[in-house]
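Engineer: Sequence and predicted structure are below.
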Amino acid sequence: MDNEKDRKEKPLGGEKGKDGRSRSSRRRRGARHRHRKTRPEAADSPESQDRKQQSKANMIVLVDDDPAYVEMESLAVVHYLTGFNPMGFTQPSRALNYITNPRNASRIRLVLLDLEMPRVDGHTVQEILQILKQSRDIPVAIVSAHNTAENIERIQNLGAVGFLPKAFTMEVFVRFVKEVLRNGHLNGWQCAACGRLLTGDLVDMLTMRPIKCSSSGCGSSDIRQAFFGSQQDAADSGQS
Ligand SMILES: [Zn+2]
């Protein structure tokens, strides 16, 4: 326990002094005594505590009008994405405020945006997309229930780094986000016949390419790769 405390407090030293950070360090000192209700299994693990203590710099912004998705995604980030912190929003306007705040811009590693959010208090997903398109530093991955050729093309044209069709499990979400964070983008396989992005399909183990489309009534074996993110970025990404 004592070792753990030492380890925890080290990074705080460097942060202190700037805009009243000492208050948070006092809070953190007591943090390990607090019960975290959302993480019953990991509550006592020093590893997970370290994860929590790590900088609030690596934010993953989760935007979805369905609170169940925001909650599931947040839990996934907390549990399975070491070193990253979730910031969830169910309202586009709030997300927009957060993303456009200059203090946050450099902290955001990824935005996961639900494409089908209703218009809430005057702000739309379109506005978020426009802002994100302008600041190419912030990668945005799209979540959408509409797995269609038209939507995939739209998502590609937005410069999104990946597309995760709804509905998805926490496991699928974690795999997706890890891949996007590691490579900067995630390409997919698309059925040329029906246009859907293929997820969780039976794959050819040699090529890692889906064998045929799993859509009911399709079953086409005409499968092509769908590229996301800028292709230059993809070519340049030897940085891992
Ligand atoms: Zn198909």
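Structural biologist: Perfect, I can see it now.

Engineer: What ranges does this protein have for its helices?
Structural biologist: 2-15, 22-31, 46-53, 67-80, 92-100, 102-105, 125-134, 149-157, 170-183, 231-236 (DSSP state H).

Engineer: Where among those is average confidence lowest?
Structural biologist: Sorting those by mean pLDDT places helix 2-15 lowest, at a mean of 43.

Engineer: Is there proximity between stretch 212-220 and the ion?
Structural biologist: Yes - using C-beta under 5 Å from the ion, stretch 212-220 reaches the ion at 213, 215, 218, 220. Backbone N, C-alpha and C define where each C-beta goes, glycine included.

Engineer: likewise stretch 170-189?
Structural biologist: No - for stretch 170-189, no contact with the ion is found by C-beta under 5 Å from the ion; the gap never falls below 10.5 Å.

Engineer: contact partners of that stretch?
Structural biologist: With contact meaning C-beta atoms under 8 Å, 6 or more residues apart in numbering, stretch 170-189 is reached by 60, 72-73, 75-77, 80-81, 84, 109-110, 112, 139, 141, 161-164, 168, 197-201, 209-210, 223-230, 233-234, 237, 240.

Engineer: and if we set it to 6 Å?
Structural biologist: The contact list for stretch 170-189 (C-beta atoms under 6 Å, 6 or more residues apart in numbering) reads 72-73, 76, 80, 141, 161-162, 164, 197-198, 210, 223, 225-229, 233, 237.

Engineer: quick one: which two of the residues of stretch 212-220 next to the ion are the most distant?
Structural biologist: 215 and 220 (8.3 Å; C-beta to C-beta).

Engineer: per-domain residue ranges of the protein.
Structural biologist: Domain segmentation of the chain under automatic domain parsing yields 1-53, 56-236.

Engineer: So which residues on the chain come close to the ion?
Structural biologist: Residues of the chain lying near the ion by C-beta under 5 Å from the ion: 191, 193-194, 213, 215, 218, 220.

Engineer: more neighbours, residue 215 and residue 220?
Structural biologist: Set residue 215 next to residue 220 and count neighbours by other C-beta atoms under 10 Å: residue 215 wins out with 16 against 13.

Engineer: wait, what's in contact with that one?
Structural biologist: Contact analysis of residue 215 by C-beta under 6 Å, 6+ apart lists 194, 196.
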